[in-house]
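Asks: Starting from these lines, generate the structure:
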Amino acid sequence: MRNGKMWPVVAALVVVAGLALYLSKQAETDANTHAVSQATPYQAQSRFTTIQSDRQVMIHCGNSMRLAMEDIAGEFQRRYDIAVIFNFGGGSELLPLIEMGGRGDLFLCHDPYEDLIREKGLLVDSIVIGSLRPIILVPKGNPKGITGLADLGKAGLRLATVDPRYATAGKMVHAVLDSEPWGAAVRENIVIETRGHSDAVLSVLTGHADAAVVWSFLAALYADRLDRVDGGVEFPQEIRVTLCRLKSSTNTEETARLMEFAQSDYAKKVWMDYGYRPTERD
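Replies: So this is what the prediction gives:
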């Protein structure tokens, strides 16, 4: 093939190669963007590092308690030179790991998971840390004038909630909607229903929803960007947060020391600062 006839072929190959490179880079960018969007605020804000120590305690820790427990564990490590090793996840993810007999000394969870591990014979004892309840988060200034759950049925309002199939808070909210005359109007306004609380909050931060109903601890994490509105109703149940000592525990002294510290004045202030209110059943 003469040189003059080769140029179109060469040019076409260059274009194809360039397009392939662009698509590869774009796929990489999209993957990274997806990873960032899926990162929880707990991961983004975590500052905890496990120390090196011959003594240790391992905690299966629910995501809803992550940042508060990390703050407490950091001070605990500093005071006692005992390493704290975390395994984070949702309660429904951590429970099967505990059932399968894996290692672990403690399980930090909210209702109903303490009852579930007790029923399965996996619990030694527990302490009550505090309680959680659903609250409403709205943009700063509360532009929609929301005062409680009933206002979430206003015409045109876009609501983000957590899916009751996966989240206890979602079950609680939907139970209230079932019992109230304004519940159907609120349901009509649900435009986003997420598996995790962080995604519901992010939908408000990004302008895809006007309000989100999530656990109360998230108000403390986003106090600089979102306003909190309490539900305006009394939920029929109190959701306790409990620190459970597991039968699989092998670090007896260290586990007892951490359970004690989790009830100290220092820890109580941390729990309160993160929005876990005291409970009458502790």
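
Asks: does Leu116 sit in a helix, a strand or a coil?
Replies: Judged by DSSP: H, G, I helix; E, B strand; the rest coil, the three-state class of Leu116 is helix.

Asks: Can you give me the neighbour number for it?
Replies: Leu116: 17 surrounding residues under other Cβ atoms under 10 Å. The C-beta positions use only the backbone N, C-alpha and C, and glycine is treated the same way.

Asks: What residues of stretch 179-188 count as buried?
Replies: Across stretch 179-188, burial judged by 16 or more other Cβ atoms under 10 Å covers 182-183, 185-186.

Asks: Identify, from those residues, the entry nearest to Ala73.
Replies: The nearest member of the buried residues of stretch 179-188 to Ala73, counting by Cβ to Cβ, is Val186 at 38.3 Å.

Asks: helix or strand for that closest one, which one?
Replies: Using DSSP states H and E, Val186 maps to helix 183-188.

Asks: Extract the C-alpha trace of that helix and format it as CSV.
Replies: C-alpha atoms of helix 183-188 as CSV (Å, rounded to 0.1, in the frame of the first residue of the first chain):
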residue,chain,number,x,y,z
GLY,A,183,-49.3,9.0,56.9
ALA,A,184,-50.5,8.4,53.3
ALA,A,185,-49.5,11.9,52.3
VAL,A,186,-46.0,11.5,53.7
ARG,A,187,-45.6,8.2,51.9
GLU,A,188,-46.5,9.9,48.6
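
Asks: Leaving out sequence neighbours, find the closest residue to Leu97.
Replies: Using Cβ to Cβ, 6 or more residues apart in numbering and skipping residues adjacent in sequence, the residue nearest Leu97 is His60, 6.8 Å away.

Asks: Check which helices and strands the helix or strand hosting that neighbour sits against.
Replies: His60 is part of strand 56-62, with elements assigned from DSSP H and E. Using 3 or more Cβ pairs under 8 Å, 6 or more residues apart in numbering; DSSP states H and E as the contact criterion, the elements in contact with strand 56-62 are helix 66-80, strand 83-89, helix 91-99, strand 106-110, helix 252-261.

Asks: Before I go, just wanted to say thanks for your time.
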